[in-house]
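[1] got a predicted structure plus its sequence, pasted below:
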Amino acid sequence: MQRNLRFALFGNTYQEHKSAHATHLLEILRSKGAEICISNEFYYFLKQHTKANLEGLEIFQGYDFDADMVLSIGGDGTFLRAASRVGKKEIPILGINTGRLGFLADISPDQMEEAFDEIYEGKYLAEPRRVLHLTSDGHVLKGYPYGLNEIAILKRDSSSMITIRAYINDELLCSYQADGLIVATPTGSTGYSLSVGGPILVPQSGTISLTPVAPHSLNVRPIVIRDDWEITLDVESRSHNFLVAVDGRSETCREGTKLTIRRADYFVRIVKRCHHSFFNTLREKMMWGADSRS
């Protein structure tokens, strides 16, 4: 007997030409007899830009939802926004990739029917991924202070580089003079951190990396530490302020703000197909070992 599952749906609200995939997704879910709730912003996007059948969908706002599984249809940015809304609920999240590379959202639209057959048969993995928690001394952080990918400290504009004094468990690591510093989880190691020369971390490694952005000294290199260690950051800036970006959600902080980064007390659970392999993903998406020479 087929199980009755409830899904919460989040989606990209910027790419009208890819919204047909959402229409197909709704058709698949209805054919399974699923209960479907949908974020209000995605509902009104589909209502305005598609002819999708939206009858019977339960609309929710903010964090007021519950489900057996969350579905994110878009790219990794959409997935990260969905993860911030799931938060400590620890509801498994499946990413359907209508974006570009997609390490988090790695189910392609043409795999949806097969993937949901497997989900209804219970043939999937819900991988637990560590999250970073950002707190501050003397500054109230306005946004959601948890990052699945990374927490980045960046100069605010085109001004001079900033100085970031980094402490690990209260011991000075380094005074970085750079455009910024990225503290990344294994999940985020293939994102922003990778683009500035950071290391790729295996998801189960229990580590985090610190990678400077355009450091003044070429001797400064990324470092990998245990994820149960505490990182403290003090920042100096000629403009007397700087940016803090948590999974791309940024806000301005004043110079003198002390930032602390710790391992969060919950996981984000990412749905993967049973045959999924992290190393296979690296080979396919990053073309490791590929030789384009004819």
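    Happy to help now that I have it.
[2] from here on, just use CA atoms for contacts and neighbour counts.
    Fine.
[3] got the phi/psi numbers for the residue positioned nearest the centre of the chain?
    In the chain, the residue lying closest to the centroid (Cα atoms, centre = their mean) is residue 80, at 3.5 Å. Per-residue torsions, residue 80: phi -60, psi -40 (degrees, to the nearest 10).
[4] distance of it from residue 201?
    Spatial separation of residue 80 from residue 201 under the definition Cα to Cα, to the nearest Å is 18 Å.
[5] next one: residue 6
    33 Å.
[6] neighbour count winner among the two?
    With other Cα atoms under 10 Å as the criterion, residue 6 and residue 201 differ in neighbour count, and residue 201 comes out ahead with 20 against 17.
[7] residues near residue 99, how many?
    Other residues within reach of residue 99 by the criterion other Cα under 10 Å amount to 18.
[8] nope, residue 195 is what I meant
    11.
[9] repeat that for residue 284.
    Applying other Cα under 10 Å, we find 12 other residues in the vicinity of residue 284.
[10] and residue 167, by the same measure?
    Neighbour count of residue 167, defined by other Cα under 10 Å: 17.
[11] go on, residue 166?
    Other residues close to residue 166 by other Cα under 10 Å number 22.
[12] surely it and residue 177 touch.
    No. When contacts are counted by Cα atoms under 8 Å, residue 166 is not listed as touching residue 177 (11.0 Å).
[13] shaky segments in this structure?
    Within the chain, the stretches with pLDDT under 70 are 1-2, 17-18, 101, 158, 292, 294.
[14] can you give me the helices for it?
    20-31, 40-49, 76-86, 112-120, 192-195, 278-285 (DSSP state H).
[15] most packed of those helices?
    helix 76-86 (a mean of 21; mean count of other Cα atoms under 10 Å).
[16] how about that helix as CSV, C-alpha atoms only?
    C-alpha atoms of helix 76-86 as CSV (Å, rounded to 0.1, in the frame of the first residue of the first chain):
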residue,chain,number,x,y,z
ASP,A,76,21.5,25.8,-4.7
GLY,A,77,20.4,29.3,-3.7
THR,A,78,16.8,28.2,-3.6
PHE,A,79,17.9,25.2,-1.6
LEU,A,80,19.7,27.3,1.0
ARG,A,81,16.7,29.6,1.4
ALA,A,82,14.5,26.6,2.0
ALA,A,83,17.0,25.2,4.5
SER,A,84,16.9,28.4,6.5
ARG,A,85,13.1,28.1,6.7
VAL,A,86,13.3,24.4,7.7
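[17] how far off centre is it?
    The chain centroid and the centroid of helix 76-86 are separated by 6 Å under Cα atoms, centre = their mean, to the nearest Å.
[18] from the contact counts, what lies against it?
    Contacting helix 76-86 under the criterion 3 or more Cα pairs under 8 Å, 6 or more residues apart in numbering; DSSP states H and E are the following elements: strand 6-11, strand 69-74, strand 93-97.
[19] and the closest residue to residue 169 other than its chain neighbours, how many residues sit next to it?
    Leaving aside its chain neighbours, residue 169 sits nearest to residue 230 (5.1 Å; criterion: Cα to Cα, 6 or more residues apart in numbering). Residue 230 is flanked by 16 other residues according to other Cα under 10 Å.
[20] which residues touch residue 230?
    Taking Cα atoms under 8 Å, 6 or more residues apart in numbering as the definition of contact, the neighbours of residue 230 are 168, 169, 170, 260, 261, 262, 263.
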